[in-house]
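**Q** A predicted structure for the sequence below; I have some questions about it.
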Amino acid sequence: VDNGRWLDACEAVDRALMWLERPHTPAAVTALAAAGATLSGVLFTRGKALMGLGQWESAVQELSASLAAAPEALPPPLVARAEALSQLGEWDAAARDYESAAEVFDAARQKRLAAECRGRAAIAKFETGDVVRAIK
């Protein structure tokens, strides 16, 4: 995903998901562990690849599935989903995701990332026409 080869990334994710969906035989578990693959991580990667392809609705679905598979994996899938929601014009939902991510970053003492998410949330609120909420 990092080098912009979106279709290749989607194909690689599909192969990884086939492994994850198999019965967890010792060989499959060992192969996945060696590759560092988790269901949440694979779904996150596919969501990012779909974003790169401009398939925003599909990206939101994959990123939501990633969050459901491992809620503790916040905030990368949450921020990515907020970005995709913004592309769809779903500003209220995007603002909520950015605010949630900011809270997690604050708890982890990552103040710069928290501030960035708060700024993005303010922009999303402004896009809804609610200037008062945007400047709070």
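**A** Happy to help now that I have it.
**Q** So what's the residue count around the closest residue in space to Ala73 that isn't next to it in sequence?
**A** Excluding its sequence neighbours, the residue lying closest to Ala73 (Cβ to Cβ, 6 or more residues apart in numbering) is Ser40, at 4.9 Å. Glycine gets a C-beta too; all of them are placed from N, C-alpha and C. Number of residues near Ser40 (other Cβ atoms under 10 Å) recorded here: 19.
**Q** Looks like Ser40 contacts Pro76 (just checking).
**A** No. Counting by Cβ atoms under 8 Å, Pro76 is not a contact partner of Ser40; they are 9.9 Å apart.
**Q** Do a quick rundown of the helices in this structure.
**A** Ranges of helices in the chain, per DSSP state H, are 6-21, 26-35, 39-52, 56-69, 76-87, 91-107, 111-127, 131-135.
**Q** Mind putting those into a markdown table with mean pLDDT?
**A** Listed next are those as a markdown table, based on pLDDT from 0 to 100:
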| stretch | mean pLDDT |
| --- | --- |
| helix 6-21 | 66 |
| helix 26-35 | 56 |
| helix 39-52 | 85 |
| helix 56-69 | 93 |
| helix 76-87 | 96 |
| helix 91-107 | 95 |
| helix 111-127 | 94 |
| helix 131-135 | 75 |
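**Q** got the contact list for the closest residue to Leu43 other than its chain neighbours?
**A** Distances taken as Cβ to Cβ, 6+ apart put Ser66 closest to Leu43, at 3.8 Å, once the chain neighbours are dropped. Ser66 makes contact with 40-41, 43-44, 47, 73, 77, according to Cβ atoms under 8 Å, 6 or more residues apart in numbering.
**Q** Wait, Met105 touches Leu113, no?
**A** Just so we're on the same page, residue 105 is Phe rather than Met. Yes. Counting by Cβ under 8 Å, Phe105 touches Leu113, with 4.3 Å between them.
**Q** Show me whatever sits in contact with both of these two.
**A** Pro75.
**Q** separation between the closest residue to Ala69 other than its chain neighbours and Val131?
**A** The spatial neighbour of Ala69 that comes closest, neighbours along the chain excluded (Cβ to Cβ, 6+ apart), is Ser40 at 4.1 Å. Distance of Ser40 to Val131, computed by Cβ to Cβ, to the nearest Å: 36 Å.
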